[in-house]
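>>> what follows is a predicted structure for the sequence shown.
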Amino acid sequence: MAKVSVLLATYRWGGLDISLAGLSNQTFHDFEVILCDPHYDARKDAVADYNKKFGVPLIHVKPFRDNMPLDSGSKHRNSAICHAEGEICIFLCDYAFVRPDWIQRHWDVHQKHNGYTCVGPHRYRYHPAVKEVWEGEPISIFKEEFRTEMIDTFPVLEQGQDPKLALSSNGISGSYFHMKNESIRTETLMALNGCDEGFDIDGGHCYSDMDLGLRSEIAGNPFWLDPVNIAEIVQVRDFYPTLLRKRSTDDDYAYFRSRQSQYSTQLAAPNDFNIREARERMLWLKPHL
């Protein structure tokens with residue numbers, strides 16, 4: 001059983017050239033990567049073949065709870081959680097490159113700071129040239145094959161950066177939990193019934209990350225910021241369409257505030273399924289498949 005489960009949920013084509021390059025060079029070896037992917041059927045063979053040169057301990061799965069084409073981030077992450085064997089889960093953004101000591105630093109916080117798990121910053125970088133036709137590309141949408149040494153040549157975006165980049169090492173509020181480079185104890189995720197899928201109704205999206213972070217903190221899983229452990233995200237939002245979101249950001253915020261008012265009586269996500277039971281079934285099935 002792996003000590004660490006990396007949860008990599010994505011709805012985008014490409015990006016796996018960047019993610020697998022970083023995850024293949026980790027100094028910490030007792031981990032697994034759960035790639036939760038609505039494009040699983042279309043690219044499972046291509047992903048398996050591509051990963052042969054990296055050897056990442058990859059578990060490629062299709063989300064079993066989904067609202068596609070509506071934004072379904074909470075459902076996708078809950079599907080990934082249900083496959084996770086690790087003692088801690090690290091949420092990682094797609095199109096993110098991580099340094100060789102990335103998992104080790106997350107694990108060290110978990111070991112050295114009693115009860116805490118690690119929060120790391122993310123930093124956005126400009127993307128390289130994109131293929132003329134990129135939709136449906138299973139591994140990469142870029143014209144040039146990605147190499148590890150390229151990441152530092154991609155310019156850093158001038159605006160919209162993670163505020164954690166300006167903070168120093170210390171305990172940090174769960175409101176900084178962005179599901180891009182943060183870890184949480186798996187047992188805490190079970191107690192909280194995972195991500196709140198109420199944020200997925202009508203394709204909602206915003207504040208689901210902050211909600212999970214704040215609930216975790218209240219449940220006794222606080223966070224420690226490691227400002228050095230940066231995830232480098234190659235930002236593709238300038239051209240890559242988001243999933244459909246019928247609900248406004250204001251409506252998302254109203255739902256978040258309503259849930260906050262209920263934390264004292266209902267800290268666990270009010271999902272219509274029990275994530276602990278779903279995970280037990282998944283882990284039982286894994287060696288039998």
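Now that the structure is in, tell me what you want to look at. Numbering: from 1, shown residues only.

>>> drop to CA atoms for contacts and neighbour counts, all remaining ones
Will do.

>>> any idea of the mean pLDDT in stretch 188-206?
Averaged over stretch 188-206, pLDDT sits at 94.

>>> now the helix or strand bottoming out on mean pLDDT in the chain: how far from the chain's centre is it?
Ranked by mean pLDDT, DSSP states H and E, the weakest helix or strand in the chain is helix 275-285, scoring a mean of 92. Counting by Cα atoms, centre = their mean, to the nearest Å, helix 275-285 is centred 20 Å from the centre of its parent chain.

>>> equivalent analysis for stretch 280-289, please.
Using Cα atoms, centre = their mean, the offset of stretch 280-289 from its chain centre is 22 Å.

>>> got the CA positions of that stretch in PDB?
What follows is stretch 280-289 as a C-alpha-only set of coordinates in PDB (Å, rounded to 0.1, in the frame of the first residue of the first chain):
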ATOM      1  CA  GLU A 280     -13.800   0.400   0.600                       C
ATOM      2  CA  ARG A 281     -15.600  -1.100  -2.400                       C
ATOM      3  CA  MET A 282     -13.100   0.300  -4.900                       C
ATOM      4  CA  LEU A 283     -10.100  -0.900  -2.900                       C
ATOM      5  CA  TRP A 284     -11.600  -4.300  -2.500                       C
ATOM      6  CA  LEU A 285     -12.200  -4.500  -6.300                       C
ATOM      7  CA  LYS A 286      -8.700  -3.300  -7.300                       C
ATOM      8  CA  PRO A 287      -6.900  -6.700  -6.800                       C
ATOM      9  CA  HIS A 288      -9.900  -8.600  -8.300                       C
ATOM     10  CA  LEU A 289     -10.100  -6.600 -11.500                       C
END
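
>>> give the contact list for residue 28.
101, 103-104 (Cα atoms under 8 Å, 6 or more residues apart in numbering).

>>> try 6 Å
residue 104 (Cα atoms under 6 Å, 6 or more residues apart in numbering).
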